[in-house]
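>>> 3D model of this:
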Amino acid sequence: MREGIHPDYGPVVFRDRAADYAFLTRSTMTSEKTIEWEDGNTYPVVDVEISDVSHPFYTGTARVLDTAGRVERFERRYGKKG
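Numbers count the residues shown, from 1 in each chain. This is a model prediction of the structure:
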């Protein structure tokens, strides 16, 4: 690989504020904000809006769409084909 063209790859904490959940991983993302982690070290922290802890698909709170109602509304609006 060429030297000097790749971003630094290091430990970063991603924090889901909606679920009050954070996890430490490695990434090229950076942040001015820092957090003291459980191991006593300070890492940059990146706030995310949604993670696997708060995503409706993974939590089982996903809504089921009324596809039949949507199809009927489409057919009423634009007419049936055929």
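
>>> switch to C-alpha atoms for all contacts and neighbour counts from now on
Fine.

>>> which residues in the protein form strands?
Taking DSSP state E as the criterion, the chain contains strands spanning 10-16, 21-27, 34-36, 42-48.

>>> any chance of those in TSV, plus distance to residue 55?
Below are the strands of the chain laid out as TSV (distance: least, Cα to Cα, whole Å):
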stretch	distance to residue 55
strand 10-16	10
strand 21-27	12
strand 34-36	24
strand 42-48	12
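
>>> residue 54 is nearest to which of those strands?
strand 10-16 (7.9 Å; Cα to Cα).

>>> buried residues in that closest one?
For strand 10-16, burial by neighbour count (16 or more other Cα atoms under 10 Å) applies to 11, 12, 13, 14, 15, 16.

>>> that one versus strand 21-27: what angle between them?
150 degrees (axes from the mean of the first three to the mean of the last three Cα atoms, to 10 degrees).

>>> neighbouring strands - and their directions - for strand 10-16?
If you go by DSSP bridges, strand 10-16 pairs up with strand 21-27 (antiparallel), strand 42-48 (parallel).

>>> output the first one as PDB, nothing but the C-alphas.
What that stands for is strand 21-27. Output of strand 21-27 as PDB, limited to C-alpha atoms (Å, rounded to 0.1, in the frame of the first residue of the first chain):
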ATOM      1  CA  TYR A  21     -25.500   2.000  24.800                       C
ATOM      2  CA  ALA A  22     -21.900   2.300  23.700                       C
ATOM      3  CA  PHE A  23     -19.300  -0.100  22.200                       C
ATOM      4  CA  LEU A  24     -15.600   0.100  21.600                       C
ATOM      5  CA  THR A  25     -14.400  -0.900  18.100                       C
ATOM      6  CA  ARG A  26     -11.800   0.200  15.600                       C
ATOM      7  CA  SER A  27     -12.600   2.600  12.800                       C
END
